[in-house]
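# Below: sequence and its predicted model.
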Amino acid sequence: MNAVSDEIPAGPSPEARALIERLIAFETVSRDSNLGLIEWARDFLEGHGARTRLTYDASAKKANLFATLGDSPKPGLILSGHTDVVPVDGQAWDTDPFSAVERDGRLYARGSADMKGFIGVALAQAPKFAAALAAGRLDAPLHYALSYDEEVGCLGVRGLIRDLEEQGIRPAGCVVGEPTSMQPIIAHKGTHRFRCAVHGREAHSSYVTHGVNAIEYAARLIVFIRGLAERLAEHEQRDYGFTVPYSTLSTGLIRGGIAANVVPKDCEFQFDMRTLPQASPEALYQEIRAHAEELAAQMRRVDPQAGIDLTWASQTVGLAAAETDALVQWAMRLSGVHSVGKVSYGTEAGLFQQMGVPAVICGPGDIAQAHRPNEFVALDQLARCEAFMGGILAGGFAV
């Protein structure tokens, strides 16, 4: 296996640069359709001999793309990336966020780091991969997996994985190109988001005993959730590979009430759970649900129609690989980075691992730049990613 050379160019090839800029120009904010990008990428890959599959959401306005170069029955490698980006609303950008601008060795644009830089570099290799496969220099297929709605809970890739399972397609490994500064990442926390709607009864604030205060009951549940977070911080077994070495819970959004002199009828809040790979989110959820039921029983003593609705809105499965795994060792050789890391943000890698496909996260750029105004990826990071792809071309994929 060829590792990334010490002689890394200052930036990506013109072909990769052009493809990255083309992808950025598609305004694929999660709330909008991604079909323009997906259909363009499909046509591009089909032009190089790929067999393609699309899986759509219920509205048929969004789709995943799974494309395969090569026809060997040998299990191949997935290069995986999400096509959606977070909004730019209310952010102070210095340039048009959907038009790539180079400045000081960086490429500025929404999605440049997260994660159209990786996708563009991977697509630029398609002609070379196709030629190597046709000539027998590569003996295992290369797959491209491009998904929708990763930023809102890894929603789209679930349909792609379900389709692969139904078709009996089981690749040998997957590289998810989230921005890691080209360091192989072997684990991430599970990400879980919850919505809670508390329904009380309105009353004049001078007659509080006639009402059921939805805000106050919501606050009691929030305090309970905070108590769980403190218990985890104190007692959960640590994993110091993570910046925050224990599972966390936090409330991020709350709304309710109409006036200070009205006992509020409704209150809604949302909270976030980030679990270590070995933790049980279900067990924590059941603790919260049980306490919510206790509170709801108290509310119904005043008004039988009162209650609490708790919804598990989204779940991103955690990733737990090992440094000794063959795929991870392979990624370390090709990246030239001889250490691995763990991250607290969620990715699609855990879902591929759950499918039975070994996964590692490795891509250009720094996650600290993602989701911010003036998001950027360093050009030398894109060059390192291109060298990684060159290592696949030179050494193949054999783990």
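Everything's here; your move. Residues are numbered from 1 along each chain as shown.
# Look up phi and psi at Arg137.
phi -80, psi -20 (degrees, to the nearest 10).
# okay, now it: neighbour count?
Using other CB atoms under 10 Å, Arg137 has 13 neighbouring residues. Glycine gets a C-beta too; all of them are placed from N, C-alpha and C.
# Begin at 51 from now on, thanks
In the new numbering, first residue 51, that becomes Arg187.
# ok, it - contacts?
Leu443, Gly446 (CB atoms under 8 Å, 6 or more residues apart in numbering).
# which helices and strands sit right next to the top helix by length along the chain?
As assigned by DSSP state H, the longest helix anywhere in the chain is helix 264-285. Identification of packing neighbours for helix 264-285 by 3 or more CB pairs under 8 Å, 6 or more residues apart in numbering; DSSP states H and E yields strand 240-249, strand 298-306, strand 316-325, helix 331-350.
# so can I have TSV of these showing distance to Arg288 and mean neighbour count?
Conversion of those to TSV gives the following (distance: least, CB to CB, whole Å; neighbours: other CB atoms under 10 Å):
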stretch	distance to Arg288	mean neighbour count
strand 240-249	17	21
strand 298-306	13	15
strand 316-325	14	20
helix 331-350	17	15
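# Export these as JSON lines, with columns for mean pLDDT and distance to Gly357.
Compiled in JSON lines, those are given as follows (pLDDT from 0 to 100; distance: least, CB to CB, whole Å):
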{"stretch": "strand 240-249", "mean pLDDT": "96", "distance to Gly357": "6"}
{"stretch": "strand 298-306", "mean pLDDT": "97", "distance to Gly357": "15"}
{"stretch": "strand 316-325", "mean pLDDT": "97", "distance to Gly357": "11"}
{"stretch": "helix 331-350", "mean pLDDT": "98", "distance to Gly357": "5"}
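# need these in a markdown table with distance to Val427, can you?
Compiled in a markdown table, the helices and strands packed on helix 264-285 are given as follows (distance: least, CB to CB, whole Å):
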| stretch | distance to Val427 |
| --- | --- |
| strand 240-249 | 23 |
| strand 298-306 | 27 |
| strand 316-325 | 25 |
| helix 331-350 | 32 |
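# For Asp359, find the nearest of these.
strand 240-249 (4.4 Å; CB to CB).
# Only C-alpha atoms, please: export that closest one in PDB.
What follows is strand 240-249, C-alpha atoms only, in PDB (Å, rounded to 0.1, in the frame of the first residue of the first chain):
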ATOM      1  CA  GLY A 240     -24.300   8.500  19.000                       C
ATOM      2  CA  THR A 241     -26.400  11.600  18.400                       C
ATOM      3  CA  HIS A 242     -30.100  11.600  19.600                       C
ATOM      4  CA  ARG A 243     -32.600  14.500  19.400                       C
ATOM      5  CA  PHE A 244     -35.800  14.700  21.300                       C
ATOM      6  CA  ARG A 245     -38.900  16.900  21.300                       C
ATOM      7  CA  CYS A 246     -41.200  17.300  24.300                       C
ATOM      8  CA  ALA A 247     -44.600  18.900  24.200                       C
ATOM      9  CA  VAL A 248     -46.200  19.700  27.600                       C
ATOM     10  CA  HIS A 249     -49.900  20.300  27.600                       C
END
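# can you give me how far that strand is from the chain middle?
Here strand 240-249 is found 19 Å from its chain centre; the criterion is CA atoms, centre = their mean, to the nearest Å.
# the helices in the stretch 301-449 of the chain, which residues?
Remark: helices assigned in the stretch 301-449 of the chain by DSSP state H, counting those that start in this stretch are 331-350, 376-385, 399-405, 429-445.
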